[in-house]
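Dropping the sequence and predicted coords here.
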Amino acid sequence: MADTRTAVSALSASTGDLVYCVEVDAYYRCDNGSSATVNGWTVLTATVGRWILTSDSLKLPIIGGTSDDWPNFGAANTACAGAGVILNLGAGQYLAKTRVFLANNSHVVCSPKTVIKAAWASAPDNRDSVFCAYAGSPLGTDTIAENTVIGDATIKITGSMTFAVGDHIFLITTQYRCQLFEIMAWNAGTKVATLDRPIRVPCGSDNTVPTVSANSFPAGSQVWKMNPARDIKVEFNGAKIYGACNRFIECWGGWNCNFYGPAYLGDGTSVTATESLISIDTPSYNCHAYNMIGDGSDVTAIGARFESTELCTFVNCDIKRVGVGYFFQDAMDSHALHSKANKCSNAGANFSAAAYSGGEAGSGSVWGSSECSVVGGSYSGNYIGVLFDRGSSRCVVDGSAIIGNTIGLWDQMGIDNLVTDRTVVRKNFNGIYVDADSVRFHARDAIVTDNTNGINVIAGSKGAMLTGVDASRNSIALLAAAHVDTTCLVVDASNTNPQIEISAGVRVRARGLRMMASAVNSSGLVNVAGSFDLESGSIQSVAGGVAIQVAGTGKTRIGHMTDITGHGSTGAGINLTATGAYADVAEGANIENRSIVGNNVGVATLSTIAYSRHVAA
């Protein structure tokens, strides 16, 4: 047994002798004939030959005081990765002040009592991170010779760069939206490379924003030959990381990298990571982080970040007190699963882009986050619970709790995004806010209750759809300043406010509506200045109340499979408050007392409910 590696090197021994080194908690075997390169960690000097590490793990010692442990960490990590050995970080506090990149194929294991204090004097970019998996600089660059389209699995290049099977490339136009591939075949004659999977990301040329028609990496897009940060595994086991740095954990250009918690990121003080707590970054593929518990102290901009990632996840993570909890920037098929974000000054989750021109014919579904999701978990106590922004498309909120935010869910500039599977949106000021640049937003099987404004659809939004939504117990269930299509909408009204308000020039179509009131509403459970088509369903008022009130030149059309009841003899099924308002009632519709109240004419009792137009006098 020897105390230190230096003491081991000083021992005299014969080939095959073993020695235990207390300093690194590992055994070495003497090989007097070895000429292996000494690295100070897995291969030590000997009086003759070498001491070769025989243990399957090695523990990094702590220097102590104000000395930087991270150069040793980097050297030991590289040596252990090359030898296929696990590098352990033990109990106690390590000090990290220096940029170190995790070696490919490395495996780091922390103990529950491992503490790492970051102490960067300045941390200007993502390389200034405590645990940094980094792909580094291109090994060569070229350009694509021909346009590619989504679904292509080959590219043709223009220059002299060559590939071998197993090489990796970035396809890139701007450094925000790109994709990482492995080469499966290379034809040197035709300069055609076969990729490991089809192209999914479309882009425009540098410094421009693509249109829907430019759904490809066009000719001239860059091809970078890269050595990705690949097959890296870190197990934190409850370790704590805190202090001054850019990011605590960074994975840039990662391939099959995994970070296992629990890991406690930040100590609740203002000396902390400035940019992100953890980031899976441009353009990582199949990289994952589990059980990250982060506190940004209202200093860190982003909690957990995806940037130009594909098939990456954050799982069972808990982020608080950052600007954005989970930031999906130009990400694709990446997901926050069963995770939490609270007390975020901006948004619990933000699906966004680095560049965007806006509108359906601008970047549309080919720019911004695409096919990403938050599944389960809680996005509560933030300014915004979940934000669909800047061209995010086909993204999903699935079964999450969005509670106690100023805005629960905001579709600001999204396209074809979905909230579904019993997602609960409760006790926000605006439950769901569908903004002017939103296109085809869809809420399906969601519970939107106990908000001030349940669902607020702003003028200019296009094609909002509500299917199987429970919008009960809001102050107002639906504010429609743009067209809305509803199916099986449920509204349990517990106050005297109108529950559906429809602006002039706006059409709301309802199939299978079920609306019930527990208080007298004198201005209409449905207040119509535009057009309200009740194709089927029921509205049940309280005696003396008004079910549907039509103002100005508003219109309501009542289908034959409709019941409007409960208003009694003193209320009204339909109240037409202006001379331009009218109601069309189909044969078979049931309006209690057959009552329509017309302006200046009182109650018009109909002898039959047949298809007829009733216009206020």
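In hand now; what should we look at? Numbers count the residues shown, from 1 in each chain.

Quick check, I169 in contact with Q222.
No: I169 is beyond contact range of Q222, at 9.7 Å (criterion: C-beta atoms under 8 Å). Where C-beta positions appear, they are placed from N, C-alpha and C, glycine not excepted.

Between those two, tell me which one has more neighbours.
Neighbour comparison, I169 and Q222: the larger count goes to I169, with 28 against 19 (by other C-beta atoms under 10 Å).

Quickly list what that one is bridged to.
F181, K225 (DSSP bridges).

Could I get the contacting residues of it?
F163, L180, F181, I183, A193, V223, W224, K225, M226 (C-beta atoms under 8 Å, 6 or more residues apart in numbering).

closest to L489 among those residues?
L489 has its nearest neighbour among the contacts of I169 in L180, at 43.5 Å by C-beta to C-beta.

Tell me where the stretch 301-450 of the chain has helices.
Counting by DSSP state H, counting those that start in this stretch, the stretch 301-450 of the chain has no helices to list.

Equivalent analysis for the chain, please.
5-9, 70-83 (DSSP state H).

Ranking the ones you listed by mean neighbour count, which comes first?
helix 70-83 (a mean of 20; mean count of other C-beta atoms under 10 Å).

CA atoms only for it - export them in CSV, please.
The C-alpha coordinates for helix 70-83 follow below in CSV (Å, rounded to 0.1, in the frame of the first residue of the first chain):
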residue,chain,number,x,y,z
TRP,A,70,-10.1,21.1,-12.6
PRO,A,71,-6.8,20.7,-14.5
ASN,A,72,-6.4,17.5,-12.6
PHE,A,73,-10.0,16.6,-13.4
GLY,A,74,-9.4,17.1,-17.1
ALA,A,75,-6.2,15.1,-17.2
ALA,A,76,-7.7,12.2,-15.1
ASN,A,77,-10.9,12.2,-17.2
THR,A,78,-8.9,11.9,-20.4
ALA,A,79,-6.7,9.1,-19.0
CYS,A,80,-9.6,7.2,-17.6
ALA,A,81,-11.7,7.5,-20.8
GLY,A,82,-8.8,6.1,-22.8
ALA,A,83,-8.4,3.1,-20.4
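
Check which helices and strands that helix is in contact with.
Contacts defined by 3 or more C-beta pairs under 8 Å, 6 or more residues apart in numbering; DSSP states H and E place helix 70-83 against strand 57-60, strand 86-89, strand 92-96, strand 107-110.

Among these, which comes closest to S393?
Across the helices and strands packed on helix 70-83, closest to S393 is strand 107-110 (C-beta to C-beta), at 37.0 Å.

by contact count, what packs against the closest one?
helix 70-83, strand 86-89, strand 233-235.

Going by distance to S522, which of the contacts of I169 wins?
Closest to S522, out of all of those and judged by C-beta to C-beta, is L180, at 62.2 Å.

The closest one - how many residues pack around it?
With other C-beta under 10 Å as criterion, L180 counts 26.

Would you confirm that it contacts N256?
No: between L180 and N256 there is no contact under C-beta under 8 Å: 10.8 Å.

Residues that sit against both of the two, list them.
Y285.

hang on, the earlier thing: could you dump the helices and strands packed on helix 70-83 to TSV with distance to V19 and mean pLDDT?
Formatted as TSV, those follow (distance: least, C-beta to C-beta, whole Å; pLDDT from 0 to 100):
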stretch	distance to V19	mean pLDDT
strand 57-60	14	98
strand 86-89	19	98
strand 92-96	24	98
strand 107-110	23	98
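
of those strands, which approaches E587 most closely?
When those are compared (using C-beta to C-beta), the closest one is strand 107-110, at 73.9 Å.

Partner strands of the closest one, with direction?
strand 86-89 (parallel), strand 233-235 (parallel).

Sketch out the low-pLDDT regions of the protein for me.
173-177, 201-216, 354-367, 598-617 (pLDDT under 70).

Mind telling me which residue is nearest the centre of it?
Nearest to the mean C-alpha position of the chain, counting by C-alpha atoms, centre = their mean, stands F328 at 4.5 Å.

Enumerate every residue touching the residue nearest to that one when sequence neighbours are not counted.
Spatial nearest neighbour of F328, excluding adjacent residues (C-beta to C-beta, 6 or more residues apart in numbering): S369 at 4.1 Å. Residues in contact with S369, defined by C-beta under 8 Å, 6+ apart, are 306, 328-332, 334, 351-353, 391-393, 395.
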